[in-house]
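# Mind folding the following:
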Amino acid sequence: VERMGGKVHIPPHPINARVVAFDRFRHEMVTLGMSRAIGDWYHGEVGVIAEPIVDVVDLDDIIRQDSAGAAKEYFVVSACDGLYDHRTKEFVAAHLAKCFFAEQECHPVVESVNIIDLATPTKVAGYHDDMTLSALRIIL
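Presented below is the predicted three-dimensional model:
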């Protein structure tokens, strides 16, 4: 990044590390959170590349493991690092499981909003920057 003309800013708390580069269309310096490289053309010019973390789960393996014959219920969560910077995957799963498996009267969409609110830094009211959550119920 620096060899190509950009700068890397790593503050004392590295969770907010940023790439600083000149945007030739806006004619100004712009910053990019390290996790937001996907689809960012300007920062690609200074060497920022997107390498997302992808976990692949083979549903056939799950069916073989739970071969009792009865339908099984699962759910899948896709969320961005902005959420996981502040909450663990176990926290997210536990909150959504209550809705998907009827342990509590709640709707998964409402609970998703609650999870994001619970992950929001308390120092910044209304902060929801870079927090995305999608959940899907699966019955096999």
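# Would you tell me what the next helix or strand after the helix or strand of the chain with the lowest mean pLDDT is?
For the chain, the helix or strand with the lowest mean confidence is helix 41-44, at a mean of 64 (criterion: mean pLDDT, DSSP states H and E). Per DSSP states H and E, the first helix or strand lying C-terminal to helix 41-44 is helix 59-65.
# Point out the other helices and strands that that next one packs with.
In terms of contacts (3 or more Cβ pairs under 8 Å, 6 or more residues apart in numbering; DSSP states H and E), helix 59-65 is not packed against any helix or strand. Yep, even glycine has a C-beta here, placed from its N, CA and C like the rest.
# And the contacts of it?
Helix 59-65 is contacted from outside by Lys72, Tyr74, Ile138, Leu140, using Cβ atoms under 8 Å, 6 or more residues apart in numbering.
# Ok, stretch 101-118 next?
Defining contact as Cβ under 8 Å, 6+ apart, one finds that stretch 101-118 is touched by 73, 75, 83, 87, 91-92, 95-100, 128, 131, 133-135, 137.
# buried subset of the residues you listed?
For the contacts of stretch 101-118, a burial check counting by 16 or more other Cβ atoms under 10 Å picks out Phe75, Leu83, Arg87, Val92, His95, Leu96, Cys99, Phe100, Met131, Leu133, Ala135.
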